[in-house]
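Asks: Can you look at this prediction? I've put the sequence above it.
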Amino acid sequence: MGDPAEVSANVLNALAKSNDIDTGIDFISQYWGGMLDFGATTFWEDFDLAWTENTGRIDEPVAPDKKDLHGDFGAHCYVGFRHSFCHGWAGGPTAWLSKNVLGVTHVAPGCAKVEITPHLGRLAWAEGTYPTPKGPIKVRHDKQADGSVKSTVTLPEGIEQVK
């Protein structure tokens, strides 16, 4: 797989359903992390890890001996500075991590009730917020020495955590 679009939400969700959180995290780290490694502050419409060979970062002037990650690459009609550096498909990992690693699932309309079941895989910890109409749910999970997970959850008023 050379394109993060190939690692779609469907693939990530299938990995979660098969309890393979670690492979999902690996895909996210490799592809979406690859953008971050080259200076991204948002996620791009089009990206291929093969483009990163001998390529300059997007947040620095391109050295004469390097390729231009934005200007020299692009699939389909995206040749020469035309693909978006902030694109909707990139939200997939955020939703996947929120649901499958942080384990936040709303179980009543308006997020009035939520279930929080973390799946850290090999991660030692995970922390994040989950937006709701009543304000953000703040979650931190820490894996303990015995493999159990200690969770700290802050819920906005009007939201109940169910087990």
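Replies: It's in.
Asks: which one's the longest helix in this protein?
Replies: What stands out as the longest helix in the chain, according to DSSP state H, is helix 21-37.
Asks: Report the mean per-residue pLDDT for it.
Replies: Taken as a whole, helix 21-37 has a mean pLDDT of 91.
Asks: That one packs against which elements?
Replies: Applying 3 or more CB pairs under 8 Å, 6 or more residues apart in numbering; DSSP states H and E, one finds that helix 21-37 contacts helix 9-17, helix 91-96. Glycine gets a C-beta too; all of them are placed from N, C-alpha and C.
Asks: in the shortest one, what's buried?
Replies: Of the residues in helix 91-96, those buried by neighbour count under the rule 16 or more other CB atoms under 10 Å are 92, 93, 96.
Asks: Which other helices and strands does it contact?
Replies: helix 9-17, helix 21-37.
Asks: So which of those helices is the most surrounded?
Replies: With neighbours taken as mean count of other CB atoms under 10 Å, the helices and strands packed on helix 91-96 reach their highest mean count in helix 21-37, at a mean of 18.
Asks: what residues does that one touch?
Replies: Outside helix 21-37, the residues that touch it by CB atoms under 8 Å, 6 or more residues apart in numbering are 1, 4, 7, 11-12, 15-16, 43-44, 47, 49, 52, 90, 93, 96-97, 100-101, 119-123.
Asks: Now with 7 Å, please.
Replies: Taking contacts as CB atoms under 7 Å, 6 or more residues apart in numbering, the residues outside helix 21-37 that touch it are 4, 7, 12, 15-16, 43-44, 47, 49, 52, 90, 93, 96, 100-101, 119, 121-123.
Asks: I figured residue 162 hits residue 105, correct?
Replies: No - contact criterion CB atoms under 7 Å: residue 162 and residue 105 do not qualify, at 9.9 Å.
Asks: any chance of the helices and strands packed on helix 91-96 in CSV, plus distance to residue 149?
Replies: Formatted as CSV, the entries for those read as follows, by distance: least, CB to CB, whole Å:
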stretch, distance to residue 149
helix 9-17, 16
helix 21-37, 12
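Asks: Residue 100 versus residue 70, what's the distance?
Replies: Using CB to CB, to the nearest Å, one obtains 31 Å as the distance from residue 70 to residue 100.
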